[in-house]
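**Q** this is the structure alone, sequence omitted:
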């Protein structure tokens, strides 16, 4: 399969791209710094990217920012960042990519376990993740030509926790998380969330 991984420079994105290549897939690793590049907060950048890479079998997005801040400190700018990046960036990547997806192709986006188990200071992240799951449920009903759309809800990954000075022990490594994306690509789910094995919602 010819698969584009958007956010391939991130911790999860790198692991997903590596696993897909190990499984024999052709992988286009995409980011703001790749060639061709993509900035999925910019609609015209998405269009230009797809025009350059042509037809594909799968779209995977592992990118997107959302504000980690307490509600009483949340600014207009942080709200817009969360909406424009992780939410609308992924929605537009799917929406604009449909015409480039070959028959039976799949789009896989990234939410997160905070949709189910929020922490303090995560109102925007929780909202975006839950909203993305809602998008996938609804969008699945509009799929034609055998297309599917799926959301993966990863937990924190050990590498990220370690960078933030948190205890990494409870969390899976990115390579383990990548397996959920492989399952979403090679499986039959449509409109359903996919979770990392051993890390299900409470």
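**A** Looks like it came in fine. Being a predicted model, the structure only gives us computed values, none of them experimental. Numbers count the residues shown, from 1 in each chain.

**Q** list the buried residues in the helix or strand of the chain with the lowest mean pLDDT.
**A** Least confident helix or strand of the chain, by mean pLDDT, DSSP states H and E, is helix 158-163 with a mean of 90. For helix 158-163, the neighbour count (16 or more other C-beta atoms under 10 Å) marks 158-161 as buried. Bear in mind the C-beta positions are built from the backbone N, C-alpha and C, glycine included.

**Q** of the residues you listed, which is the nearest to residue 93?
**A** residue 160 (21.8 Å; C-beta to C-beta).

**Q** the closest one against residue 11, yeah?
**A** Yes - between residue 160 and residue 11 there is a contact under C-beta atoms under 8 Å: 5.7 Å.

**Q** longest helix in this protein, please.
**A** If you go by DSSP state H, the chain has its longest helix at helix 123-139.

**Q** can you pull the buried residues of it?
**A** By 16+ other C-beta under 10 Å, the buried positions in helix 123-139 come out as 123-133, 135-136, 139.

**Q** output those residues as JSON lines; include the columns distance to residue 32.
**A** Formatted as JSON lines, the buried residues of helix 123-139 follow (distance: C-beta to C-beta, whole Å):
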{"residue": "123", "distance to residue 32": "27"}
{"residue": "124", "distance to residue 32": "22"}
{"residue": "125", "distance to residue 32": "21"}
{"residue": "126", "distance to residue 32": "26"}
{"residue": "127", "distance to residue 32": "25"}
{"residue": "128", "distance to residue 32": "20"}
{"residue": "129", "distance to residue 32": "22"}
{"residue": "130", "distance to residue 32": "27"}
{"residue": "131", "distance to residue 32": "23"}
{"residue": "132", "distance to residue 32": "21"}
{"residue": "133", "distance to residue 32": "26"}
{"residue": "135", "distance to residue 32": "23"}
{"residue": "136", "distance to residue 32": "25"}
{"residue": "139", "distance to residue 32": "25"}
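
**Q** what's the longest strand anywhere in the chain in contact with?
**A** Across the chain, the longest stretch assigned as strand under DSSP state E is strand 101-110. Residues outside strand 101-110 that contact it (C-beta atoms under 8 Å, 6 or more residues apart in numbering) are 7, 12, 55-64, 86, 90, 93-94, 97-98, 132, 136, 145-152, 154, 181, 184-185.

**Q** since that was my last question, I'll sign off now.
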